[in-house]
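K.L.:
build the 3D model from these lines:
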Amino acid sequence: LTVFLRTGGVDVQKDRLELTVVDWGQGEEGWVRDHIILPGDTAQPSVWQELHDTLIDREIKVAAIDSGYNATQVYAFVEKRRWCFAIKGVEGMGRPLVEDEKKRRQRLRVKRKRGVPVEPIGVDGGKATLYARLKLPAPGPGYIHFPQEPAFDDEYFAQLTSNRLVEKTVRRRLVREWTQTRIRNEAYDCYKYALAGLRLSKIDPA
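P.N.:
Numbering: from 1, shown residues only. All right, here's what the predicted structure looks like:
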């Protein structure tokens, strides 16, 4: 096993932070190491300190943190840690999980003076990537390994697979779109963010 990078994907809720830890190998083959729930009021500093301690303890090199909720706290956390990214999901079937290098450089040149940059994450692209990878029959590029640990129970995998691609007719046109089948889907979000962190780490932000 050759691991090139360990990333963390962090989902922010009102009363907790959730973190998925993933080791990445060649071709984005991923070894999910843990899914951790840190309870606490995310408007207060204590749970964020616990997140920092956890990221350091787990030797996470890059973390991507959702800023869709309690954004002020996310920005404050990321601003002090250059190895962390503030991210926010953007809908759109044709949007990739992360921007290409040229587009990202152009955006950062415009917004660099406005505080912490927020990286747009293509949520539909993330869903398509995850489902394609879950169908891979054997280890190799893109394959996802899961540990036999208590955190990875039926609830975890129900959250991970909480989206379905459906077809419907809109104005006589056949449209494909992703729909969420259950309220809780933090496991999916955290994996998606961990993958986004990996891809963002490979882009020169200069």
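K.L.:
make it CA atoms for all contacts and neighbour counts henceforth
P.N.:
Will do.
K.L.:
now the helices for the protein?
P.N.:
In chain order, the chain shows helices spanning 45-57, 71-79, 101-111, 123-134, 154-160, 186-201, with DSSP state H as the criterion.
K.L.:
CSV for those helices, including mean neighbour count and mean pLDDT?
P.N.:
As requested, the helices of the chain are exported to CSV (neighbours: other C-alpha atoms under 10 Å; pLDDT from 0 to 100):
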stretch, mean neighbour count, mean pLDDT
helix 45-57, 15, 97
helix 71-79, 18, 95
helix 101-111, 13, 64
helix 123-134, 18, 89
helix 154-160, 16, 92
helix 186-201, 25, 93
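K.L.:
what about these, which gets the closest to Gln13?
P.N.:
With C-alpha to C-alpha as the measure, helix 186-201 is the member of the helices of the chain nearest Gln13 (9.3 Å).
K.L.:
quick check: angle from the closest one to helix 123-134?
P.N.:
Helix 186-201 runs at 100 degrees relative to helix 123-134, counting by axes from the mean of the first three to the mean of the last three C-alpha atoms, to 10 degrees.
K.L.:
who's the closest residue to Leu19 other than its chain neighbours bridged to?
P.N.:
Nearest-residue entry for Leu19: Val10, 4.5 Å, with adjacent residues in sequence omitted and distances by C-alpha to C-alpha, 6 or more residues apart in numbering. Judged by DSSP bridges, the bridge partners of Val10 are Leu19, Ile65.
K.L.:
re the thing from before, can I get the helices of the chain in a markdown table including distance to Ile144?
P.N.:
Formatted as a markdown table, these follow (distance: least, C-alpha to C-alpha, whole Å):
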| stretch | distance to Ile144 |
| --- | --- |
| helix 45-57 | 21 |
| helix 71-79 | 27 |
| helix 101-111 | 25 |
| helix 123-134 | 7 |
| helix 154-160 | 12 |
| helix 186-201 | 10 |
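K.L.:
out of those helices, the one nearest Pro147 is which?
P.N.:
For the helices of the chain, proximity to Pro147 was assessed by C-alpha to C-alpha; helix 154-160 is nearest, at 12.0 Å.
K.L.:
rewinding a little: which one of the helices of the chain lies nearest to Gly30?
P.N.:
Smallest distance to Gly30 across the helices of the chain (C-alpha to C-alpha): 8.9 Å, for helix 186-201.
K.L.:
the closest one: how far from the chain's middle?
P.N.:
On the basis of C-alpha atoms, centre = their mean, to the nearest Å, helix 186-201 sits 2 Å off its chain's mean C-alpha point.
K.L.:
what does stretch 34-51 give?
P.N.:
17 Å.
K.L.:
first vs last residue of it, how far apart are they?
P.N.:
Stretch 34-51 has an end-to-end distance of 14 Å (criterion: C-alpha to C-alpha, to the nearest Å).
K.L.:
burial of the residue nearest to Leu19, as a residue count?
P.N.:
Counted with other C-alpha atoms under 10 Å, the neighbours of Val10 add up to 30.
K.L.:
need the phi and psi values for the residue lying farthest from the centre of the chain.
P.N.:
Largest separation from the mean C-alpha position in the chain: Arg172, at 35.0 Å (C-alpha atoms, centre = their mean). In this entry, Arg172 is assigned phi and psi values of phi 70, psi 10 (degrees, to the nearest 10).
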